[in-house]
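# Provide a 3D model corresponding to the input given below.
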Amino acid sequence: MQKQSRALRQSGISRRYFVKFTGLTGLCALTGAGLAGCGSSAQSNSAAPTTQTVTDMTGTEVEVPIKPSRYADGWFAHNEIAIMLTGAEGLVATHCSKKDYPWMYKVCGNMSNATVSFGNDFNFEDIVQTDPQVIFDSTENLRDKCNEVGIPLVNCLFKTFDEMKKSIELSGQVFGGDAPSIASRYNDELDQVLADVTAKTGSVETEKRPKVLHGNSVYTLTIDGTGTIIDSWINAAGGRNAVDASTTGNASAKFSLEQIVSWNPDVIITGKASEVQSILSDPNWSSISAVQNKQVYVNPKGVFGWDRYGVEELLQIQWAAALLHPDLFPNLDINTQVKKFYTDYLNYELTDNDVELILAAKDPE
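Numbering: from 1, shown residues only. Just a heads-up that it's a prediction; the model follows:
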């Protein structure tokens, strides 16, 4: 395994001083804020550790502060994990804007304390200036830059349910405090939901499993492939991915309408609410079984899209299973489950109207 640079061993030192080191402008502040007691080696040796070493999702060992009070989050999906584990307390930089994720900001007021610093053309120095003690991300693009300024980077990417649980556990370990117990509780419930659902769907024969076409924007022909967590919940819910496994393993890819017609899905689920009627009314789609039988749906979206990598995957599994096999889940009240989830894991009380909007993938009013 690799070992990330340990440039910052004192978690109380502000990172902005490291980018100013050549001018020594932060020397006094460093002495006062991070090196108190340095004149007494006995006191230093007996002090409680201020850092811990964790292994991130790439297998890289990373030295992070214990219970960091300031962190940045560069992966859309991980922001919801941070809300669940910490209420986004201490979040200083995020990839999620209020415009794109309005439920995230309504449910968690602390999101408004963060700067939207990440993006296609972001300046890394802008992130450094927010003074994070840790940066969470889903790529390795910033690893070298983080090492240069002494900010630990924790890669938290996951693509399967097992990896998701590992990533949530990792995040809980980094955050500390109550986060590990919350992470454990969520993972236990995810295991239970998967077990309960697959206990009923597992015996459904292949030919009786509806072919499900899913994509973030199906009408623009952007479809999810088979090597994804989307494929995992489709199978758990008792369906089969309409995309040919030999065609793509990508999270999403462009296909021709002719290809989709040839797959002839039984159910279509799109991430865009406006696309449902477009698909149903477009004569070019009319030969598809899902369109003929009016089995075209929008995927619910709340704090994060239920379908892709956020913690609302727990709800997605149940919603999809009841959608594909209502006869197997006659007593599943998804509205109640949504309210319970938001109370238990996001510390927010939804109204009946809120639930309706989330199920319809609509913004809060």
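# any chance you could read off phi and psi for residue 68?
The phi/psi pair for residue 68 (degrees, to the nearest 10) reads phi -60, psi 140.
# Counting neighbours, what do you get for the closest residue to it other than its chain neighbours?
In space, and not counting its chain neighbours, residue 68 is closest to residue 133: 4.0 Å by C-beta to C-beta, 6 or more residues apart in numbering. Just so you know, the C-beta spots here come from the backbone N, C-alpha and C atoms, and that holds for glycine as well. Neighbour count of residue 133, defined by other C-beta atoms under 10 Å: 24.
# I'd say residue 133 and residue 153 touch.
No - if you go by C-beta atoms under 8 Å, residue 133 and residue 153 don't touch, sitting 11.4 Å apart.
# In the chain, which helix is the longest?
helix 179-201 (DSSP state H).
# ok, residues contacting the helix or strand following that one?
Next helix or strand after helix 179-201 toward the C-terminus (DSSP states H and E): strand 211-215. For strand 211-215, the external contacting residues (C-beta atoms under 8 Å, 6 or more residues apart in numbering) are 221-224, 230, 234, 239-243, 252, 260, 263-271, 290, 299, 307, 324.
# could you redo the last one with a cut-off of 7 Å?
The contact list for strand 211-215 (C-beta atoms under 7 Å, 6 or more residues apart in numbering) reads 222-224, 230, 234, 239-242, 252, 260, 263, 265-271, 307.
# Okay, and which of those residues map to strands?
Among the contacts of strand 211-215, the members found in strands (DSSP state E) are 222, 223, 240, 241, 267, 268, 269, 270.
# just checking, the fourth one touches residue 227?
By that I understand residue 241. No - with contact defined as C-beta atoms under 7 Å, residue 241 and residue 227 do not form a contacting pair (10.0 Å).
# So which of these two has more stuff around it?
Counting neighbours by other C-beta under 10 Å for residue 241 and for residue 227 shows that residue 241 has the greater number, 23 against 15.
# Kindly provide the distance from that one to residue 119.
To residue 119, residue 241 is 31 Å away according to C-beta to C-beta, to the nearest Å.
# show me what contacts the residue lying closest to residue 110 once chain neighbours are set aside?
Among residues not flanking residue 110 along the chain, residue 88 sits closest, at 3.9 Å (C-beta to C-beta, 6+ apart). Contacts here follow C-beta under 7 Å, 6+ apart; on that basis residue 88 touches 82, 108, 110, 111.
# At the geometric centre of this protein, which residue do we find?
Nearest to the centroid of the C-alpha atoms of the chain, with distances taken as C-alpha atoms, centre = their mean, sits residue 77, at 2.1 Å.
# got the angle between the strand or helix carrying it and helix 179-201?
Applying DSSP H and E as the criterion places residue 77 in helix 76-86. Using axes from the mean of the first three to the mean of the last three C-alpha atoms, to 10 degrees, the direction of helix 76-86 lies 120 degrees away from that of helix 179-201.
# re the thing from before, which ones among the contacts of residue 88 map onto helices?
residue 82.
# Buried among the contacts of residue 88? Make that a PyMOL selection.
Entered in PyMOL, the line below selects the buried ones among the contacts of residue 88, by 16 or more other C-beta atoms under 10 Å:
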select buried, resi 82+108+111
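# Which one of the contacts of residue 88 is nearest to residue 201?
Minimum distance to residue 201 across the contacts of residue 88 is 31.4 Å, recorded for residue 82 (C-beta to C-beta).
# tell me the contacts of that closest one?
Residue 82 sits next to 73, 88, 91 when contact means C-beta under 7 Å, 6+ apart.
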